[in-house]
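J.: only the shape, not the letters, is given here:
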């Protein structure tokens with residue numbers, strides 16, 4: 001069993017307008033997607049325990065590029081362009097959506113999708129489309145109900161149960177958790193899920209290392 005990864009070591013690799021400008025399609029990538037006001041950048045910063053790994057803005061929709069962060073070699077987190085809300089020219093919005101869709105459909109090393117949505121306004125049409133696509137593609141999904149601190153404990157629990165029931169309707173591997181960047185709610189659950197998604201790549205690297213050592217001894 002691999003040790004839990006230290007997400008504090010996560011570092012920025014690159015920003016790319018489309019998949020042709022990303023590094024080689026190898027290792028394991030976990031993508032973060034959500035509406036432009038879902039708190040995606042804040043979530044990435046909290047999960048990695050860094051204040052400014054992913055840029056946050058008071059104006060939703062500032063993530064215009066595919067941003068790549070490396071946890072350890074071969075294990076990357078991807079911050080995808082936000083969808084659905086941004087007050088930007090239609091032409092730019094279409095360009096974002098194209099790069100988003102292209103990444104999701106063509107990136108072979110994508111092994112998990114984190115879909116973030118405001119706990120007070122969850123499961124909008126685009127959120128449901130994203131989850132449906134992932135299930136059809138046999139990609140596991142972690143739904144994070146962000147800004148969970150905005151609801152009192154009872155209301156939060158009730159909303160969590162309601163969205164879990166909805167998620168069951170999609171079939172596939174869809175897990176739902178409450179999350180708050182401000183209060184740290186759900187952070188440990190996210191890290192554990194990321195660990196399980198990255199585990200096969202870490203095991204593959206370990207096996208190669210052991211093979212190389214065995215070859216050197218011969």
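T.: Here it is on my side, so go on. Remember, it's a predicted structure, so these values are computed and weren't measured experimentally.
J.: beyond the helix or strand of the chain with the lowest mean pLDDT, next helix or strand please.
T.: Using mean pLDDT, DSSP states H and E, helix 90-106 stands out as the lowest-scoring helix or strand of the chain, at a mean of 77. Sequence order places strand 110-118 as the next helix or strand after helix 90-106, per DSSP states H and E.
J.: how far is that following strand from where the chain is centred?
T.: Between the centre of strand 110-118 and the centre of its chain there are 4 Å (C-alpha atoms, centre = their mean, to the nearest Å).
J.: give the other helices and strands that that strand contacts.
T.: On a contact count with 3 or more C-beta pairs under 8 Å, 6 or more residues apart in numbering; DSSP states H and E, strand 110-118 meets strand 28-34, helix 90-106, helix 125-136, strand 141-146, helix 187-217. Where you see a C-beta, it was placed from the backbone N, CA and C, and this is true even at glycine.
J.: to the chain's geometric centre, what's the distance from the least confident helix or strand of the chain?
T.: Relative to the centre of its chain, helix 90-106 is centred 17 Å away, using C-alpha atoms, centre = their mean.
J.: touching that helix from outside, list them.
T.: The contact list for helix 90-106 (C-beta atoms under 8 Å, 6 or more residues apart in numbering) reads 17-19, 31, 33, 64-66, 78, 80-83, 86, 110, 113, 133-134, 137.
J.: compute the inter-axis angle for that helix and strand 28-34.
T.: Put simply, helix 90-106 runs at 150 degrees to strand 28-34, going by axes from the mean of the first three to the mean of the last three C-alpha atoms, to 10 degrees.
J.: just give me the residue closest to the centre of the chain.
T.: residue 32 (2.4 Å; C-alpha atoms, centre = their mean).
J.: count of neighbours near residue 8?
T.: 11 (other C-beta atoms under 10 Å).
J.: any idea how far residue 191 is from it?
T.: Residue 8 sits 11 Å away from residue 191, going by C-beta to C-beta, to the nearest Å.
J.: do residue 135 as well
T.: With C-beta to C-beta as the criterion, residue 135 and residue 191 are 23 Å apart.
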